[in-house]
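K.L.:
okay, sequence plus prediction incoming.
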Amino acid sequence: MDMNGTEVLPGISYKRLYEAILETVPFSIFILDANLKVLEANRNFLKKSRQHAKDVLGRRIEEVFPRVFSESTDLIGKVQNSFSDGDCVREGKLTYKAPGIAATVYYYLVIPLLEEGARPSLVMLLLEDITEKERLGAEVRSAWRHWASAVESVTDIIFSATPDGTIQTWNKAAEEISGYKPRALRGIKVMSLCVDESEVEKMERAFRALALGAPQRDLQIDLRDSKGQRLPVSWSFSALRDDTGHLSGIVAVGRDLTERKRMEAQLIQTAKMAAMGVMAGGIAHEIRNPLAVSSSAAQLLLDDHGDGQFRKEAAQKIYTNIAQASRIIENLLRFARPSSGAFEVFPLEASLDEIVSLVSNQLILSQITLVKRYGKQSLRVRGIKNLLQQVFLNITLNAVNAMREGGGELLVATRCKTGGERRSVLVSFTDQGCGIPRENLSRIFDPFFTTQPVGQGTGLGLSVSYSIVKQMGGCIHVTSEVGSGSTFEVELPLEP
């Protein structure tokens, strides 16, 4: 075939196409004869070696390359072998290191140009300088090792997943905290580890929001560990996006809240015991009254009055007052009992009334009139009943303390609040006490902050109350004026 004249494309000959390819490829190309003389060398090589064609063509390859290159590599031997056995050398890599010069890495191919039934008379050598690629690859591998080491050394749960929640990676801390082995979870959706449907919904909602670009931070979504126990976790989710900006994966960092929950429970119990200490005098008086009545009736019975009606009335008084004392003690024990932490739906007004009954005598002794103003319809909330009652008790006792000097009126009211995406219930406690100075309003929910004398207040009541209400998805609002009184308003999600 005539390389000079035959057209491979209209107006383009094989020779012109060959020369165009040779001059534009981004690596060095040589055509060598059996004597290892350079017949062709492309522009890439001439430019990088800063040589002219007349200094390269017709010379042996070892004269074209620096002597140290020929001596430090076996490239020339590979070219000679290709002439003798006709084999290609593909995907070869060699490193050239000259004194005082940084190492250079080359990727090379040796391709014999065979003619039908004959030994190769020419060999094509391709050299590509991949030093920069190797350096970048080493940096990427180093960065990956550092990242992987960091992920494995942290004490938080870290996992990666596909956009639908299918687990891809599961770090060492996640294995130790949850008890699940990475190989057992790979390919499983993380939602299947949630303790119940409400937690599944929260995680799915977070993933959908993440896909829309909304950051997801500090979300408590509880898992079930390998032993079936509830594992409270605070999550932060981050989005992995492809070049087009679409969500391609999710990285989750979860902090085990088990220890924090345990300490919070201890703090809540401490605050509860402190509140009971404040109520002790009033409760003792409240129990003493029915016991005194029962004792008097019993003494009359011992006098052996023969009147049957009289004996019946005395026995009824004993029974009624013992039942009353028993109810007081039962309410007290129910309140003092540590909370199970389980959410339930319960009637709000009934819970309020139970707390009012505990402090009723306290209110009387402090010359405080209780006014209840509940809404027309019964309201139901979802939360931890025992803890919510502790909130109500803490706020009530604060009101009693604020009105200690001159008594007054304590208004307890409930109402619905509508508007926005959710409906809420508001429980307000309005006293006629001394009020809170403006400079203290921002500090009243701080742990251990109190204006009471040493030994008369722990400063935990409102701090614990704030934590409990927040845990149930609500908040506490406070308005106060010195000398006029205060209003504490507890806002909670309303259960349909």
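P.N.:
Arrived safely.
K.L.:
show me this structure divided up by domain.
P.N.:
If you go by automatic domain parsing, the domain ranges for the chain are 7-134, 154-256, 261-493.
K.L.:
which residues in the stretch 51-200 of the chain form helices?
P.N.:
53-56, 61-64, 67-72, 75-85, 131-153, 172-178, 182-185, 197-211 (DSSP state H, counting those that start in this stretch).
K.L.:
looking at those, which one has the lowest mean pLDDT?
P.N.:
Ranked by mean pLDDT, the helices of the stretch 51-200 of the chain end with helix 67-72 at the bottom, a mean of 63.
K.L.:
report the central residue of this structure.
P.N.:
By CA atoms, centre = their mean, the chain has its centre lying nearest to Trp235, at 1.3 Å.
K.L.:
in the helix or strand harbouring it, which residues are buried?
P.N.:
For Trp235, the host element (DSSP states H and E) is strand 233-241. Of the residues in strand 233-241, 233-237, 239 count as buried by neighbour count, 16 or more other CB atoms under 10 Å. Heads up, the C-betas are built off the backbone N, CA and C, glycines and all.
K.L.:
quick check: next helix or strand after the helix or strand hosting Arg262?
P.N.:
Per DSSP H and E, Arg262 falls inside helix 258-302. Note on helix 258-302: by DSSP H and E, the next helix or strand toward the C-terminus is helix 308-336.
K.L.:
now for that next one, which elements pack on it?
P.N.:
helix 258-302, helix 348-365, helix 385-402 (3 or more CB pairs under 8 Å, 6 or more residues apart in numbering; DSSP states H and E).
K.L.:
in the stretch 251-400 of the chain, where is pLDDT below threshold?
P.N.:
Where the stretch 251-400 of the chain drops to pLDDT under 70, the residues are 268-269, 271-283, 285-286, 304-306, 328, 331-341.
K.L.:
let's see that with 80 instead.
P.N.:
Low-confidence segments of the stretch 251-400 of the chain (pLDDT under 80): 260-290, 300-311, 313, 323-343, 358, 361, 377.
K.L.:
re the thing from before, which among the buried residues of strand 233-241 gets closest to Ser360?
P.N.:
Closest to Ser360 out of the buried residues of strand 233-241 is Ser234 (39.9 Å), distances taken as CB to CB.
K.L.:
in the sheet, who's paired with that closest one?
P.N.:
Beta-bridge pairing for Ser234 (DSSP bridges): Gln220, Arg255.
K.L.:
ok, now which ones touch it?
P.N.:
218-220, 254-255, 257 (CB atoms under 8 Å, 6 or more residues apart in numbering).
K.L.:
for Glu405, same thing?
P.N.:
Cys434.
K.L.:
retrieve the pLDDT associated with it.
P.N.:
Predicted confidence (pLDDT) for Glu405: 78.
K.L.:
using CSV, list the CA coordinates for stretch 39-49.
P.N.:
Provided in CSV are the C-alpha atoms of stretch 39-49 (Å, rounded to 0.1, in the frame of the first residue of the first chain):
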residue,chain,number,x,y,z
LEU,A,39,14.0,6.4,12.6
GLU,A,40,11.2,8.6,14.0
ALA,A,41,10.8,10.7,17.2
ASN,A,42,7.7,12.8,17.8
ARG,A,43,7.4,16.4,18.9
ASN,A,44,6.5,15.4,22.5
PHE,A,45,9.9,13.9,23.0
LEU,A,46,11.9,16.6,21.2
LYS,A,47,10.1,19.3,23.3
LYS,A,48,10.7,17.5,26.6
SER,A,49,14.3,16.6,25.9
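K.L.:
what does that stretch rub up against?
P.N.:
Under CB under 8 Å, 6+ apart, the answer for stretch 39-49 is 22-23, 25-33, 51-53, 56-58, 64, 122, 127, 129.
K.L.:
filter those to the buried ones?
P.N.:
In those, burial by neighbour count holds for 27-32, 56, 64, 122, 127, 129, counting by 16+ other CB under 10 Å.
K.L.:
hmm, Ser357 and His389 touching each other?
P.N.:
No, residue 389 isn't His; it's Gln. No: at 11.1 Å, Gln389 does not count as touching Ser357 under the criterion of CB atoms under 8 Å.
K.L.:
compare the two (neighbour count), which wins?
P.N.:
Neighbours were counted for Gln389 and for Ser357 using other CB atoms under 10 Å; Gln389 has more, 22 against 13.
K.L.:
separation between that one and Arg382?
P.N.:
From Gln389 across to Arg382, the span is 15 Å (CB to CB, to the nearest Å).
K.L.:
so Ser428 sits in a helix?
P.N.:
No: checked against DSSP: H, G, I helix; E, B strand; the rest coil, Ser428 lies outside a helix; its state is strand.
K.L.:
that one: neighbour count?
P.N.:
18.
K.L.:
could the helices and strands packed on helix 308-336 be laid out in TSV, adding distance to Tyr319?
P.N.:
Below are these laid out as TSV (distance: least, CB to CB, whole Å):
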stretch	distance to Tyr319
helix 258-302	9
helix 348-365	19
helix 385-402	28
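K.L.:
looking at the ones you listed, which one is packed in the most?
P.N.:
Sort the helices and strands packed on helix 308-336 by mean neighbour count, taking mean count of other CB atoms under 10 Å, and helix 385-402 sits at the top with a mean of 23.
K.L.:
run through who's touching the helix or strand following that helix.
P.N.:
Counting by DSSP H and E, the next helix or strand C-terminal to helix 385-402 is strand 408-417. Here strand 408-417 makes contact (CB under 8 Å, 6+ apart) with 348-349, 352, 356, 363, 367-375, 377, 379, 396, 399-400, 403, 423-433, 485, 491, 494.
K.L.:
what about 6 Å?
P.N.:
Strand 408-417 is touched from outside by 368-375, 399, 424, 426-432, with contacts defined as CB atoms under 6 Å, 6 or more residues apart in numbering.
K.L.:
now stretch 20-34
P.N.:
With contact meaning CB under 6 Å, 6+ apart, stretch 20-34 is reached by 38-45, 83, 122-128.
K.L.:
how far does stretch 249-266 stretch from start to finish?
P.N.:
39 Å (CA to CA, to the nearest Å).
K.L.:
now stretch 33-41
P.N.:
Using CA to CA, the two ends of stretch 33-41 sit 12 Å apart.
K.L.:
again, but for stretch 413-432
P.N.:
Start to finish, the residues bounding stretch 413-432 are 15 Å apart (CA to CA).
K.L.:
please apply the same query to stretch 28-44.
P.N.:
End-to-end distance of stretch 28-44 (CA to CA): 5 Å.
K.L.:
likewise for stretch 407-426?
P.N.:
End-to-end distance for stretch 407-426: 25 Å, by CA to CA.
K.L.:
can you give me the buried ones in that stretch?
P.N.:
Using 16+ other CB under 10 Å as the test for burial, stretch 407-426 gives 407-408, 410-414, 424-426.
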